[in-house]
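1. got a sequence here, can you build the structure:
(one chain, ligands or ions: 1)
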Amino acid sequence: MSITGSTQRKVTMNSNRRQLLMAGSAVLSAGALARQSNTNATPAHNRTLSRDTDLAGLTPGQPGVDYRPVVTPNGAALPFKVIDGVKVFHLVAEEVDHEFARGLRAHCYGFNGRVHGPTIEALEGDRVRIYVTNRLKVPTSVHWHGILLPNGMDGVGGLTQRPIEPGETFRYEFPLLQHGTYMYHSHHDEMAQMAMGLMGLFVIHPRYPQGPRPDREYAFLLSEWKITVGSRRPDPNEMGDFNVLTLNARTAPGTEAIVARVGERVRLRIGNLSGMSHHPIHLHGHTFEVVATDGGTLPDTARWPEVTALVPTGSTRDFEFVADNPGDWPLHCHMTHHVMTQMGHGLPILDGVDPTLFDAALERAVPAYASMGAASGDGMSGHGQDADEAPAMSPPNSLAMVGMRGPFGFVTMGGMFTVLKVRGSLPEGRDVGWYQHPEGTVSMRADPKDLARDGIEL
Ligand SMILES: [Cu+2]
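-> Modelled structure (predicted):
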């Protein structure tokens with residue numbers, strides 16, 4: 001919708017909006033309309049409804065009818081039921097034995113048997129009632145991060161409510177007056193409880209979508225952990241040297257690939273609740289725009305093309321792009337130590353060292369020890385594992401520092417890493433496998449005839 005003029009406001013609106021105004025009992029004030037003006041100087045928000053009065057006559061949004069549900073790779077959606085027009089959800093905070101990738105498990109905090117908790121999904125204008133049961137041994141609370149709600153529903157232990165004691169169930173209830181990508185997390189003893197994983201995503205779809213609609217939406221929650229090798233619990237005291245970096249609480253090679261058909265518009269909804277880190281998320285083979293934050297939709301004039309965008313902790317960013325380049329494209333944090341897993345950092349520089357001499361000496365104390373690069377003479381690449389094989393050299397319940405087997409050998413990335421698979425056609429429900437490159441399009445050892453022609457002397 002667009003609004004022009006000042007004293008004599010001339011309003012044009014889409015039919016849905018018109019129906020809402022005619023059907024609803026509320027009359028929007030001139031001030032409310034001004035909030036939505038494209039020419040207004042106030043920042044754009046996703047708040048297109050005002051308190052409960054605008055909600056009259058709106059029916060609860062149905063997934064697959066009123067919105068296309070997001071896919072949370074390695075995750076799940078929280079089920080709901082509709083009672084008297086209200087969407088009712090139930091979160092259960094509890095301890096969960098969680099697998100980060102095959103070979104590494106830890107005793108974490110989660111919701112409903114999952115780490116992180118399931119994605120809550122709803123439609124702008126829905127009224128939600130969320131019960132939170134605390135099955136932890138400690139008090140907790142849940143904060144609805146970025147959501148505009150009455151103060152007493154904000155979930156801040158000690159400030160807006162008393163903490164939820166073990167065994168208690170609290171009720172949160174509020175209307176959703178905005179759309180966008182949001183999060184929920186413990187807001188009681190946050191440092192410890194978030195370090196243990198007590199968080200999830202909260203996606204609110206627009207009731208009145210504007211602009212081109214995405215064909216696929218994927219949601220990711222970024223987080224970081226310290227899991228000392230040999231331990232089965234995350235260490236909440238860690239402040240800097242996090243060693244397990246995750247997408248939806250999984251670390252490569254345990255992260256699910258995402259897929260798109262050529263020509264499809266894809267939205268990545270990415271939230272970050274890492275304890276101490278911001279993550280520059282990089283996509284190969286495409287450019288994207290950040291189209292929204294958890295503060296609102298960005299106007300077209302505030303968007304620019306990117307290949308990497310920072311997702312600061314405590315915020316969300318919606319990336320949008322058209323998948324127009326077939327292939328297997330990495331999607332990962334660009335902090336190089338964030339694509340490593342359980343890496344020790346107190347090491348001397350080993351460049352140029354023949355590690356076998358060192359290993360032979362150390363093996364008397366640490367059987368089967370192998371230095372970085374010992375297996376291949378190539379830095380980190382000897383420290384990976386197959387997705388389907390436990391690491392041969394690693395201690396029990398630990399992960400190799402990097403990666404997975406790829407179609408051309410070893411992929412020397414782990415941690416906050418996954419792959420976007422873009423294909424011309426996409427059989428639903430089947431692994432699309434590795435990209436089959438057209439003849440002559442893969443880099444390989446140079447042909448001596450080419451070297452001679454181009455005057456490259458070796
Ligand atoms: Cu990072």
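2. how far away is H286 from the ion?
-> 19 Å (C-beta to the ion, to the nearest Å). To be clear about C-beta, it is placed using only N, CA and C from the backbone, and glycine gets the same treatment.
3. which SS state does that residue fall under?
-> At H286, secondary structure determined by DSSP: H, G, I helix; E, B strand; the rest coil is coil.
4. ok, it touching A323?
-> Yes - with contact defined as C-beta atoms under 8 Å, H286 counts as touching A323 (6.8 Å).
5. tell me which of those two has more neighbours.
-> A323 (24 against 20; other C-beta atoms under 10 Å).
6. which residues does the more buried one contact?
-> A260, R261, V262, G263, E264, R265, V266, H286, L420, V422 (C-beta atoms under 8 Å, 6 or more residues apart in numbering).
7. for the stretch 151-300 of the chain, what lies in contact range of the ion?
-> H279 (C-beta under 5 Å from the ion).
8. I meant the stretch 301-450 of the chain, not that one.
-> Going by C-beta under 5 Å from the ion, the residues of the stretch 301-450 of the chain near the ion are C333, M335, H338.
9. top of the residues you listed by neighbour count?
-> Counting by other C-beta under 10 Å, top hit in those: C333 with 26 neighbours.
10. and the closest residue to that residue other than its chain neighbours, how far from S274?
-> Spatial nearest neighbour of C333, excluding adjacent residues (C-beta to C-beta, 6 or more residues apart in numbering): M416 at 3.9 Å. Separation of M416 from S274 (C-beta to C-beta, to the nearest Å) stands at 10 Å.
11. okay, and the common contacts of these two?
-> L222.
12. longest strand in this protein, please.
-> Selection of the longest strand in the chain by residue count, based on DSSP state E, yields strand 86-101.
13. list the buried residues of that strand.
-> Going by neighbour count (16 or more other C-beta atoms under 10 Å), the buried part of strand 86-101 is 87-96, 98-101.
14. between the next helix or strand after it and strand 86-101, how many degrees?
-> Next in sequence after strand 86-101, counting helices and strands by DSSP states H and E, comes strand 104-111. For strand 104-111 against strand 86-101, the angle by axes from the mean of the first three to the mean of the last three C-alpha atoms, to 10 degrees is 170 degrees.
15. looking at strand 104-111 now, give me its mean pLDDT.
-> Regarding strand 104-111, the rounded mean pLDDT is 96.
16. okay, buried residues for that strand please.
-> Buried residues in strand 104-111, counted by 16+ other C-beta under 10 Å: L104, A106, C108, Y109, G110, F111.
17. I figured the last one hits L91, correct?
-> Yes - F111 is in contact with L91 according to C-beta under 8 Å; the separation is 4.8 Å.
18. how about the helices in the chain?
-> Taking DSSP state H as the test, the helices found in the chain are 15-23, 30-35, 190-195, 355-362, 448-453.
19. ok, back up a step: shared neighbours, F111 and L91?
-> Applying C-beta under 8 Å, 6+ apart, one finds that F111 and L91 are jointly contacted by G117, G200.
20. residues contacting stretch 59-71, please?
-> 77, 82, 85-87, 119, 121-127, 203, 205-207, 213-214, 216-219, 258, 269.
21. out of those, which end up buried?
-> For these, a burial check counting by 16+ other C-beta under 10 Å picks out 77, 87, 119, 121-127, 203, 205-207, 214, 216-219, 258, 269.
22. where in the chain is pLDDT low?
-> 1-48, 50-53, 366-393 (pLDDT under 70).
23. T301 - how many residues pack around it?
-> Count around T301 with other C-beta under 10 Å applied: 7.
24. typo on my end, it should be A76
-> Neighbours of A76 (other C-beta under 10 Å): 14.
25. is it in contact with E121, as I believe?
-> No - with contacts counted by C-beta under 8 Å, A76 stays clear of E121, the gap being 10.7 Å.
26. now, which of the contacts of A323 sits nearest the ion?
-> L420 (17.4 Å; C-beta to the ion).
27. what sits closest to that closest one if chain neighbours are left out?
-> That would be W329: by C-beta to C-beta, 6+ apart, it lies 4.5 Å from L420.
28. thought that neighbour was touching T418?
-> No - counting by C-beta under 8 Å, T418 is not a contact partner of W329; they are 9.9 Å apart.
29. quick one, domains of the chain?
-> 2-42, 81-205 (automatic domain parsing).
30. in CSV, list these along with distance to V402.
-> Converted to CSV, the domains of the chain look like this (distance: least, C-beta to C-beta, whole Å):
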stretch, distance to V402
domain 2-42, 47
domain 81-205, 12
